[in-house]
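S.K.: need a 3D model of the sequence below.
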Amino acid sequence: MCRFGTWTYSSDVVDIVEREPDLFLDLSEYDAACPSVVQSHQSRRNVKKYACCPEPYADIRVNLQLAWRE
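M.R.: Numbering: from 1, shown residues only. Reported below is the predicted structural model:
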């Protein structure tokens, strides 16, 4: 799992949102010579309020499932 977000700016300043699931992963420049291929992917937006700050902080969590080419 990879996590993308900003811990400097709250969601009030930088709001991270998910795109449409079919548009999330752009493989148009994926190298055909790469020994692996993306089998599936999932993303989920997460919002958390920390004890230090009243504003919410958002991130996107991404899971990729890769497989070796035969």
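S.K.: just list whatever residues bridge to Asn63.
M.R.: Taking DSSP bridges as the rule, Asn63 bridges to Gln42.
S.K.: ok, which stretches of the protein are strands?
M.R.: Assigned by DSSP state E, the chain shows strands spanning 2-5, 36-49, 56-68.
S.K.: among the ones you listed, which is the most enclosed?
M.R.: Among the strands of the chain, strand 56-68 has the highest mean neighbour count (mean count of other Cβ atoms under 10 Å), at a mean of 14. C-beta here means a position set from N, CA and C on the backbone, and glycine is covered the same way.
S.K.: that strand packs against which elements?
M.R.: strand 2-5, strand 36-49 (3 or more Cβ pairs under 8 Å, 6 or more residues apart in numbering; DSSP states H and E).
S.K.: who does the shortest one touch, helix- and strand-wise?
M.R.: Contacting strand 2-5 under the criterion 3+ Cβ pairs under 8 Å, 6+ apart are the following elements: strand 56-68.
S.K.: which residues touch the strand it packs on?
M.R.: 1-7, 10-12, 15-18, 35-50 (Cβ atoms under 8 Å, 6 or more residues apart in numbering).
S.K.: if you set the cut-off to 10 Å instead, what comes out?
M.R.: Strand 56-68 has contacts (Cβ atoms under 10 Å, 6 or more residues apart in numbering) with 1-12, 14-19, 24-25, 34-50.
S.K.: quick one: it to chain centroid distance?
M.R.: Taking Cα atoms, centre = their mean, to the nearest Å, one finds the center of strand 56-68 at 4 Å from the center of the full chain.
S.K.: show me the shaky parts of the chain.
M.R.: In the prediction, the chain carries residues with pLDDT under 70 at positions 20-24.
S.K.: ok, back up a step: mind putting the helices and strands packed on strand 56-68 in a markdown table, distance to Leu64 included?
M.R.: As requested, these are exported to a markdown table (distance: least, Cβ to Cβ, whole Å):
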| stretch | distance to Leu64 |
| --- | --- |
| strand 2-5 | 8 |
| strand 36-49 | 5 |
